[in-house]
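Engineer: show me the folded form of this:
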Amino acid sequence: MAELARGALDKMAARLDAPVQYALRLGEAQVPVNPLIGQPLRLEYLGAIHCSHCGRRTAKSFGQGYCYPCFRKLPQCDSCIVSPEKCHHALGTCRDPAWGERFCMTEHVVYLANSSGVKVGITRASQVPTRWLDQGARQALPILRVATRQQSGLVEDLLRSQVADRTNWRALLKGEAAPVDLPAVREQLFDSCREGLEALQARFGLQAIQPLNDAEPVEIRYPVESYPGKIVSLDLDKTPVVEGILRGIKGQYLIFDVGVINIRKYTAYQLAVSA
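Structural biologist: Model (predicted):
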């Protein structure tokens, strides 16, 4: 095998195409992965993790790539990132108000995705369609445009009383999800949650929460040669070398003939990749 690159691992770059085009990112290097499908691929953990923010060496990665001090102080690691309806920026207690202005006080999209079944999610408008590709969605449909992250979280909190907000990663990697009529699901949600949506619009203004009634679903195809019959999760912390025939890529997972690995889980790990 020839070494292709080594360095600090980041989540795979993904570009919407037919199929989605992927690249492994290690430091400054980018390694296109689609051409490697059907070939032997080797990932070797080199035994070091360096915080993706401050560069400090850390024995364990927190919040996907941070040392513990950064995890405790950075705004992107605060609990309101996972639960945006709990945003406390207005209270003056944001870990970094300027960061909050740039990333949270900006336009967000509430969407439906079909990855392992229909789910509702939110993302910054600038992250469409990247967020859908990272989740391995087969179909995606933006349904509302919302002024801030907190407001999008409040909308998501309302809608998840009717539809899931999580992806079953094992089902995701067993095959393609059955197609769903996402516009029909959107209309059902708008109808069943009408009072709640109107209350949020009354609270924040009609311009803050706008339905996207004319949006069309996006169909997404992934470069997968074959899906595993049994899901075996590969762990670089337990087995520093992962090696096998690459069978496909979906979401942030590499699918080998010997198991699957979530690349995003190992953000900031020092890795060598060979093929």
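Engineer: all helices for the stretch 151-275 of the chain, in order.
Structural biologist: 169-172, 182-192, 194-204 (DSSP state H, counting those that start in this stretch).
Engineer: burial of I255, as a residue count?
Structural biologist: I255: 24 surrounding residues under other CB atoms under 10 Å. Bear in mind the C-beta positions are built from the backbone N, C-alpha and C, glycine included.
Engineer: okay, it: pLDDT?
Structural biologist: Here, the pLDDT recorded for I255 equals 98.
Engineer: OK, contacts around it?
Structural biologist: Applying CB atoms under 8 Å, 6 or more residues apart in numbering to I255 gives the contacts 173, 224, 227-228, 246-249.
Engineer: with E107 instead?
Structural biologist: 124-125, 145-147.
Engineer: which one of those residues is nearest E85?
Structural biologist: Comparing the contacts of E107 against E85 with CB to CB picks out V146 as the nearest, at 11.6 Å.
Engineer: and Q150, what does it touch?
Structural biologist: Contacts of Q150 (CB under 8 Å, 6+ apart): 80, 84-85, 87, 89, 104.
Engineer: out of these, who's the most crowded?
Structural biologist: C104 (23 neighbours).
Engineer: skipping adjacent residues, who's closest to it in space?
Structural biologist: R149 (4.0 Å; CB to CB, 6 or more residues apart in numbering).
Engineer: so that neighbour sits against C87, correct?
Structural biologist: Yes. R149 is within contact range of C87, at 6.4 Å (criterion: CB atoms under 8 Å).
Engineer: what touches both of those two?
Structural biologist: Common neighbours of R149 and C87 (criterion: CB under 8 Å, 6+ apart): C104.
Engineer: rewinding a little: between the helices of the stretch 151-275 of the chain, which one is closest to N213.
Structural biologist: By CB to CB (comparing all of those), the closest turns out to be helix 182-192, at 8.1 Å.
Engineer: buried sites along that closest one?
Structural biologist: Using 16 or more other CB atoms under 10 Å as the test for burial, helix 182-192 gives 182-183, 185-186, 189.
Engineer: ok, stretch 234-241 next?
Structural biologist: Neighbour-count burial for stretch 234-241 flags 234, 236 (criterion: 16+ other CB under 10 Å).
Engineer: how long is it from one end to the other?
Structural biologist: End-to-end span of stretch 234-241 (CA to CA, to the nearest Å): 10 Å.
Engineer: residues contacting that stretch, please?
Structural biologist: With CB under 8 Å, 6+ apart, stretch 234-241 has contacts from 42-45, 47, 242, 256, 258-261, 266, 269, 271.
Engineer: and if we set it to 7 Å?
Structural biologist: 42, 44-45, 242, 259-261, 266, 269 (CB atoms under 7 Å, 6 or more residues apart in numbering).
Engineer: same question for stretch 262-275.
Structural biologist: By CB under 7 Å, 6+ apart, stretch 262-275 touches 1-12, 24, 26, 31, 36, 39-46, 48-52, 61, 64-65, 236, 252-254.
Engineer: taking these one by one, which sit in strands?
Structural biologist: 3-12, 24, 26, 31, 40-46, 48-49, 253-254 (DSSP state E).
Engineer: restrict those to the buried ones and give me that as a PyMOL selection.
Structural biologist: Buried residues among the ones in strands among the contacts of stretch 262-275 (16+ other CB under 10 Å), as a PyMOL selection:
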select buried, resi 4+5+6+7+8+9+10+11+12+24+26+31+41+43+44+45+49+253+254
